[in-house]
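**Q** Could you look at this predicted model? Sequence included:
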Amino acid sequence: MKRYLVLIVLLVTLPLFAGKVLLMSPVTKDINRSDAKKIDKNLYTVFKKKFNFISYDDLLSSNRSLAQKVASCGSDEFCWGENADAAERAGFDYAVLTSVKIDDNDEMLVKMIAISLLDEEIIGSSSNSFGRAKDISAAALWKLSKSALSSVYDEVKAGARSNDRSSSRNSSMERERREREEKRLQEERDRQKREDELKQKREAERQKREEIERRKEEERERKIAEEKETRRRELEQQRRIEEEKKRREREEVKRKANVERKRRQDEMERLENERRQREMERSQKAKNKEGQLKTNASKLESARNKVIDMCSEGKYNDAIRMILKVEKYKCECEEDAKVLALKTQLMAFNKVRSKIVEGIKLLNHNLILDNLEAAVSLDKEIVDGGTNFSQSVDKVYAIGYYAKALAMEKKDDYVAANENYEKCIDKDPDKSECQEWLDSKDELVKKLYSKANVTKNFNPTKAKELLRSILKLVNADNDTYKKAEKTLKELE
């Protein structure tokens, strides 16, 4: 069961002639509302039975200004002394503070402090730890409160004389409360009456507006009916005019159609003669072209095979120059498409490969890793099974992961750097730069731990990031891992 630490500070003030205590409402921290209410109720029960007291709620009702002043004093006895005169007029001379929180042992701690307003000093305090909220019973609170008020207990304990004064004061307060309640109820009735009258007035106005709207709607409907009848007559007249116009147009169309039919017949005869002439000319050109296309097809096939051989040997620039040179030959056959596809693949591959080469020179992991997959795919499309490029791509991947690891180190992201160094070795076990970094990881985490210790006092957030990085870089059996884990728990 989760335990709580409860710090209760009670403020109690007593008048010189009666020894009355002001009981402040307990302040709770990290306590659920239900438990806090029970503690407040038990505390109120103890003081009601055992002490001559006034609650903070009573003071708030009778003297709000004083209540607000003392509520801001906390455990500052000098602050209470400044309000001693007002407190004496209100009928009390002693004060006690109440608060609730969780201690280092995860238990509920209850603490009470009693203050004398006239002497401006703490006259007693008491505290006790409890495992659960229900253990904080009225009996336990009675022991704490009696101990805190031991020096003035005889003066502030409940008695007949103080009870009479309290009863008289409570009766007066009850009368004032009833008068305020009656006044509030009367104001509520007056407000409701005004609202009812306003509601009736608005209803009458609404009905009047609806009647006016109804009459307007009837008038609009009558005008619409008249407009519809007028429009119907106009449309009927227009329809008759349109029918006559269409009849005349149909006769004109028939006449023109006959003329057009005769003109088309003459045109068709002329076009047929021209078509026969063009057909003869195309037939002759096709015979001449057929021989040239066969020659081009042979050239394209030979050139494409040479380009593929060049790619296999890694001569990509020579292959591109050749494919650009022979693309002007057309055979109007499948070779045209094959050469065009090979050209497109070569151009795309060369563009991506150039970015990778530039990335290797600059150690730019984005240029390398972002383009490798596309380059391998294009390389395997150009040559079945891929060229030397695809077969040695793991070493290029290793360079890309190495470059990315360096970039992550510059950003102090050592976890990401470690991940990329491991990928580097996985792709190329002979990559000495990556292996050396992984072999020196113990020294790195020691440096990170030292840096975290230096920064934890002025930049705890940065220190936590460094400590979490250590926990991800090494195993739990590592000494630095254990230190980092302990330090991180302390910071959190």
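**A** In hand now; what should we look at? Residues are numbered from 1 along each chain as shown.

**Q** so where does residue 101 fall, helix or strand?
**A** Using DSSP states H and E, residue 101 maps to strand 94-102.

**Q** tell me the average confidence for that strand?
**A** The average pLDDT within strand 94-102 is 79.

**Q** Give me the sheet partners of the very next helix or strand once past it and which way each runs.
**A** Downstream of strand 94-102, the first helix or strand assigned by DSSP H and E is strand 108-116. Paired with strand 108-116 in the same sheet, following DSSP bridges, are strand 94-102 (antiparallel), strand 121-130 (antiparallel).

**Q** And residue 45, what's its pLDDT?
**A** Listed pLDDT for residue 45 reads 88.

**Q** How many neighbouring residues does it have?
**A** 13 (other Cβ atoms under 10 Å). Just so you know, the C-beta spots here come from the backbone N, C-alpha and C atoms, and that holds for glycine as well.

**Q** do the same with residue 55
**A** 17.

**Q** Over to residue 66?
**A** For residue 66, using other Cβ under 10 Å, the count is 17.

**Q** now swap in residue 428 and tell me
**A** Residue 428: 20 neighbours (other Cβ under 10 Å).

**Q** quick one: contacts for it?
**A** Counting by Cβ atoms under 8 Å, 6 or more residues apart in numbering, residue 428 touches 394-395, 397-398, 434.

**Q** That one: what's its closest spatial neighbour, skipping adjacent residues?
**A** Using Cβ to Cβ, 6 or more residues apart in numbering and skipping the chain neighbours, the partner closest in space to residue 428 is residue 398 (3.4 Å).

**Q** Pretty sure that neighbour sits against residue 421.
**A** No: the criterion here is Cβ atoms under 8 Å, and residue 398 misses it with residue 421 at 10.0 Å.

**Q** Quickly list what's touching both of these two.
**A** Joint contacts of residue 398 and residue 421 (Cβ under 8 Å, 6+ apart) are residue 434.

**Q** related to what we said a few turns ago, separation between the residue nearest to residue 428 and residue 424?
**A** 5 Å (Cβ to Cβ, to the nearest Å).

**Q** can you check residue 393 too?
**A** 14 Å.

**Q** what does residue 74 give?
**A** 61 Å.

**Q** between the two, which one's more packed in?
**A** The residue with more neighbours, out of residue 74 and residue 424 and counting by other Cβ under 10 Å, is residue 424; that gives 25 against 15.

**Q** and the helix or strand where the more buried one lies, what's its mean pLDDT?
**A** Using DSSP H and E, residue 424 sits in helix 414-427. The predicted model assigns helix 414-427 a mean pLDDT of 90.

**Q** Please apply the same query to stretch 469-478.
**A** Mean predicted lDDT for stretch 469-478 stands at 84.

**Q** With stretch 393-410 instead?
**A** 88.

**Q** Looking at strand pairing, list the partners for the spatially closest residue to residue 26 that is not a sequence neighbour.
**A** Residue nearest to residue 26 in three dimensions, not counting chain neighbours: residue 98, with 3.7 Å by Cβ to Cβ, 6+ apart. Beta-bridge partners of residue 98, counted by DSSP bridges, are residue 112.

**Q** Test my guess that residue 98 contacts residue 36.
**A** No: the criterion here is Cβ under 8 Å, and residue 98 misses it with residue 36 at 10.9 Å.

**Q** Residues that sit against both of those two, list them.
**A** residue 26.

**Q** The two: which is more packed in?
**A** residue 98 (26 against 19).

**Q** For that one, give its distance to residue 28.
**A** Distance from residue 98 to residue 28, by Cβ to Cβ: 9 Å.

**Q** Next: residue 262.
**A** In terms of Cβ to Cβ, residue 262 sits 109 Å off from residue 28.

**Q** Quick check: which helices or strands does the single longest helix found in the chain pack against?
**A** Once the chain is assigned using DSSP state H, the helix that runs over the most residues is helix 160-312. Helices and strands touching helix 160-312, by 3 or more Cβ pairs under 8 Å, 6 or more residues apart in numbering; DSSP states H and E, are helix 56-62, helix 316-326, helix 334-362, helix 365-382.

**Q** hey, which of the ones you listed is tucked in deepest?
**A** Highest mean neighbour count of the helices and strands packed on helix 160-312: helix 365-382, a mean of 19 (counted as mean count of other Cβ atoms under 10 Å).

**Q** Give me the contact list for that helix.
**A** With contact meaning Cβ under 8 Å, 6+ apart, helix 365-382 is reached by 308, 311, 342, 345-346, 348-349, 352-353, 355-356, 358-360, 386-387, 389-390, 393, 396-397, 399-401, 403-404, 407, 420.

**Q** Show me where the stretch 1-150 of the chain dips below the pLDDT cut-off.
**A** 1-18 (pLDDT under 70).

**Q** now swap in the stretch 301-450 of the chain and tell me
**A** Along the stretch 301-450 of the chain, segments meeting pLDDT under 70 span 301-320, 322-342, 384-386, 388.

**Q** and residue 478, what does it touch?
**A** Counting by Cβ under 8 Å, 6+ apart, residue 478 touches 442, 445.

**Q** so how far is residue 463 from it?
**A** 19 Å.

**Q** same thing with residue 22?
**A** 46 Å.

**Q** Between the two, point out the one with more neighbours.
**A** Ranked by neighbour count (other Cβ under 10 Å), residue 22 and residue 463 place residue 22 first, with 30 against 22.
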